[in-house]
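Q: Sequence first, predicted model second:
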Amino acid sequence: MRRYKFLTKDDIYDAFNRLRDAFLAAKNGDEVEKIIKGLLTHDEKLKIGRRILVAEYIREGMGIDEIAKTLKVGKNTIMSVAKKLDENFLFLDLINKRRKKVENEYARKKYRLIGGPKLVFKKKEYTGFKRKDVDR
């Protein structure tokens, strides 16, 4: 927080509330993508995504050296993510729960079976449904 020592408590709370509002504003994956593209740089998106990967590897029981070698991240980053994971372990469960919901809906809607009622092996036809089309 040294970098932001000039901010008042109200400024900090206002910034965090705006961030929360931004994440809650989306109704579907398409809107999430628009918000992320408008808000975060390419570098910030990569950093957040890689931190999620680090947290998943920690949860799976991988060692620090193995994570550092696999993802090519520093040990300080791994320790920082591990500390955050200890403080608030539910964030990863929420992310995984949402990922499973999106994948299940996507799997159900990406193809439709075509053919008559007597046709045993129906043909699959792609519907054009994408992961970002899944509603909240």
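A: Now that the structure is in, tell me what you want to look at.

Q: Please tell me how far the residue lying farthest from the centre of the chain sits from Arg112.
A: In the chain, the residue that sits farthest from the middle, by C-alpha atoms, centre = their mean, is Lys118; the gap is 42.5 Å. Counting by C-beta to C-beta, to the nearest Å, the gap from Lys118 to Arg112 is 18 Å. In this view, the C-beta of every residue, glycine as well, is placed from N, C-alpha and C.

Q: Helix, strand or coil: sort out Val73 for me.
A: At Val73 the chain is in coil, as set by DSSP: H, G, I helix; E, B strand; the rest coil.

Q: err, Arg59, not the other one
A: Secondary structure for Arg59, judged by three-state DSSP, is helix.

Q: what's the closest non-adjacent residue to it?
A: Distances taken as C-beta to C-beta, 6 or more residues apart in numbering place Leu92 nearest to Arg59, at 6.1 Å, with adjacent residues excluded.

Q: again with Leu113
A: Spatial nearest neighbour of Leu113, chain neighbours left out: Lys122 (3.9 Å); criterion: C-beta to C-beta, 6+ apart.

Q: Quick check, the one you found in contact with Tyr111.
A: No. Counting by C-beta atoms under 8 Å, no contact exists between Lys122 and Tyr111, whose distance comes to 10.1 Å.

Q: Contacts only, for Asp10.
A: When contacts are counted by C-beta atoms under 8 Å, 6 or more residues apart in numbering, Asp10 touches no other residue.

Q: secondary structure element for it?
A: Here Asp10 is covered by helix 9-24, with elements defined by DSSP states H and E.

Q: any idea how far Lys130 is from Lys83?
A: Taking C-beta to C-beta as the criterion, Lys130 is separated from Lys83 by 36 Å.
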